[in-house]
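> Here is a sequence together with a model predicted from it:
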Amino acid sequence: MERQKEDGALPEFTAQTVAMMTAEHSSLQAGRFMTVSEASGRSTLFIGTVSSALIAIAFARQASQMGLAFFMFSLVLFPSLIFMGLFTFERVLQSGIEDLIYARGINLLRQLYLKHAPQMQPYFIMSAQDESGQPLLNVGVHPS
């Protein structure tokens, strides 16, 4: 074992190591799924709220004939929509950052896999490079 470290050769994976790496990979994948799911749910909820608010404003306009009630209703509704939109944006942004962290972890594991089995390179669809912009390229986003 000591001689392998001195030669620069990679140590062999044991069954326990493979199980740990598999568990880590699946937990990172689950984390990515949760972030995407949360961002999708929050965005859908916000779009539904905006749509409902616009319908409510249209009903208020018809009922009040553009009177004082319509303007008061709108002045109450629009700030609450802006408030909800800002918080939705903030949380979706945080989820996106978490997703990039998980993607970077998966890239690190992919690098480890390719160090031990370089002949598998043609079978990996996504890159295993751990450059700062690489996780973005793996999801189809080209950083400017």
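Looks like it arrived, so ask away. Small disclaimer: the values here were computed from a predicted structure and weren't measured. Residues are numbered from 1 along each chain as shown.
> how many neighbours does the closest residue to residue 99 other than its chain neighbours have?
Spatial nearest neighbour of residue 99, chain neighbours left out: residue 35 (4.2 Å); criterion: CB to CB, 6 or more residues apart in numbering. For glycine as for every other residue, the C-beta is placed from the backbone atoms N, C-alpha and C. Neighbours of residue 35 under the rule other CB atoms under 10 Å: 21.
> Now do the contacts for residue 35.
95, 96, 98, 99, 102 (CB atoms under 8 Å, 6 or more residues apart in numbering).
> Now with 6 Å, please.
95, 98, 99 (CB atoms under 6 Å, 6 or more residues apart in numbering).
> Pretty sure the first one sits against residue 40.
No. The pair residue 95 and residue 40 fails to qualify as a contact (CB atoms under 6 Å) at a distance of 9.3 Å.
> more neighbours, these two?
residue 95 (20 against 12).
> For the protein, which segments count as helices?
For the chain, the helices defined by DSSP state H cover 2-7, 15-64, 68-116, 134-138.
> Could you single out the most deeply buried of those?
Comparing the helices of the chain by mean neighbour count (mean count of other CB atoms under 10 Å), helix 134-138 ranks first with a mean of 17.
> now it: mean pLDDT?
Taken as a whole, helix 134-138 has an average pLDDT of 57.
> now stretch 76-93
95.
> again, but for stretch 13-30
According to the model, stretch 13-30 has a mean pLDDT of 89.
> How many residues are close by residue 123?
7.
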